[in-house]
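>>> Structure of the sequence below:
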Amino acid sequence: MSAVAKSQLSREHSLAERVWKIAATVCDPEVPVLTIEDLGVLREADFADGTAKVTLTPTYSGCPAMDTMKADVESALKAEGFDKVEVKMALAPAWTTDWMSEEGKQKLSEFGIAPPTGRAALGRTAQGKVSLSLQVKCPHCGSLNTKELTRFGSTSCKALYSCNACQEPFDYFKVH
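Residues are numbered from 1 along each chain as shown. Prediction:
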């Protein structure tokens, strides 16, 4: 490989890292304390053929926030000087809460949303049913004496819970 080709590859690798860093600053429009990197929906970032390329995986296939995330990533990259930007959605492999960062889970808790507990792959039977009961820790007082009020909370990825100890309602980010 020629020195010019090596230099070009090095430049593109450096630009790919920059694309990731910029995209990673974009916040989730539904839970603005999380970045898309914290949430785990930022899957790939690259720079090739003069184009900044980003791949996102939605938390749910019909997630209404994805159009906003896509537009926000495009805006962030263009604001940093990338003229050509391509953001695509990838449905496979399906997103899982296992992709959330530990920092992101901590941010959820500090924001008053109980983070997902356990791992998505654990506790499943051959039919795909979860065989273990779930205890959700209250993000306000830390009690495990909580109950699910409804499986569907303020967004598709959350359930609404109530704490029997402090009587506060809270969202729980469902394991998925």
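>>> For the rest of this, base every contact and every neighbour count on C-alpha atoms.
Fine.
>>> A92: neighbour count?
Neighbour count of A92, defined by other CA atoms under 10 Å: 9.
>>> nearest residue to D83 other than its sequence neighbours?
Of all residues not flanking D83 in the chain, T51 sits nearest, at 7.6 Å (CA to CA, 6 or more residues apart in numbering).
>>> Spatially nearest residue to A90, not counting backbone neighbours?
Among residues not flanking A90 along the chain, T57 sits closest, at 5.0 Å (CA to CA, 6+ apart).
>>> Setting aside sequence neighbours, what's the nearest residue to T155?
In space, T155 is closest to E30, 7.8 Å off (CA to CA, 6+ apart).
>>> Wasn't the one you found part of a helix?
No: E30: not assigned to a helix; according to DSSP: H, G, I helix; E, B strand; the rest coil it is coil.
>>> measure it to D67 for me?
According to CA to CA, to the nearest Å, E30 and D67 sit 12 Å apart.
>>> ditto for W95
16 Å.
>>> More neighbours: which of these two?
Comparing W95 with D67 by neighbour count (other CA under 10 Å), the higher total belongs to W95, at 21 against 12.
>>> State the pLDDT value of the more buried one.
pLDDT, W95: 92.
>>> How about the contacts made by the residue nearest the centre of the chain?
The structure's the chain has its C-alpha centroid closest to L39; by CA atoms, centre = their mean the separation is 2.0 Å. For L39, the contacting residues are D28, T97, W99, M100, S101, G104, by CA atoms under 8 Å, 6 or more residues apart in numbering.
>>> repeat for K105
Contact analysis of K105 by CA under 8 Å, 6+ apart lists D38, P115, P116.
>>> do the same with N145
The contact partners of N145, taken as CA under 8 Å, 6+ apart, are Q135, K137, C138, C163, N164, A165.
>>> what's the spacing between the fifth one and K158?
Counting by CA to CA, the gap between N164 and K158 amounts to 19 Å.
>>> Show me which of those two is the more surrounded one.
Neighbours per residue (other CA under 10 Å) separate N164 from K158, with K158 holding more: 21 against 14.
>>> Near the closest residue to the more buried one other than its chain neighbours, how many residues? Count them for me, please.
In space, and not counting its chain neighbours, K158 is closest to F173: 4.4 Å by CA to CA, 6+ apart. Around F173 there are 23 other residues, counting by other CA under 10 Å.
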